[in-house]
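Engineer: Quick one, what's the 3D model for this:
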Amino acid sequence: QSQTTVHMGDKMPFAPRGKLDDGLLDLVMVRHTSRCGLIRIMESAKTGRHTEGPQVEYHQVASYTLTPTRADSGELSVNVDGELVGFSPCKVTCVPGAIAVYS
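Structural biologist: Numbering: from 1, shown residues only. You can find the predicted model right below:
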């Protein structure tokens, strides 16, 4: 999950250190785990404590590149919020001040 704000969906603080104006993307990576493990992670995400567990990595970065990790994966589609936006490898970069946000 890559975000620029704290909340995912309605009110889940999936990127607890996220700030809209810091010029960084908050990258939350969940390692492969069982279904029960994923349910535990998502339950703890409701309070923002999921980043404390060993299955979750949290990074704040200016950019990152998505690259398939298996040689047989080939080119994979990239889905952003339900929309097909391209193919991997894919570079994502935060561009500070690119949009105006009014609240």
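Engineer: which secondary structure elements does the helix-or-strand element of the chain with minimal mean pLDDT contact?
Structural biologist: Scoring the helices and strands of the chain by mean pLDDT, DSSP states H and E places strand 77-80 at the bottom, with a mean of 73. Here strand 77-80 touches strand 83-87, going by 3 or more C-beta pairs under 8 Å, 6 or more residues apart in numbering; DSSP states H and E. All C-beta spots, glycine's among them, are computed from the backbone N, C-alpha and C.
Engineer: so where's this protein shaky on pLDDT?
Structural biologist: 70-75, 81-82 (pLDDT under 70).
Engineer: ranges for the strands of it?
Structural biologist: 2-3, 25-30, 56-61, 63-66, 77-80, 83-87, 90-93 (DSSP state E).
Engineer: Looking at these, which one is packed in the most?
Structural biologist: Counting by mean count of other C-beta atoms under 10 Å, strand 25-30 has the highest mean neighbour count of those, with a mean of 18.
Engineer: hmm, back to that, present the strands of the chain as JSON lines; the columns should include distance to residue 45.
Structural biologist: Listed next are these as JSON lines, based on distance: least, C-beta to C-beta, whole Å:
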{"stretch": "strand 2-3", "distance to residue 45": "12"}
{"stretch": "strand 25-30", "distance to residue 45": "9"}
{"stretch": "strand 56-61", "distance to residue 45": "9"}
{"stretch": "strand 63-66", "distance to residue 45": "20"}
{"stretch": "strand 77-80", "distance to residue 45": "20"}
{"stretch": "strand 83-87", "distance to residue 45": "23"}
{"stretch": "strand 90-93", "distance to residue 45": "21"}
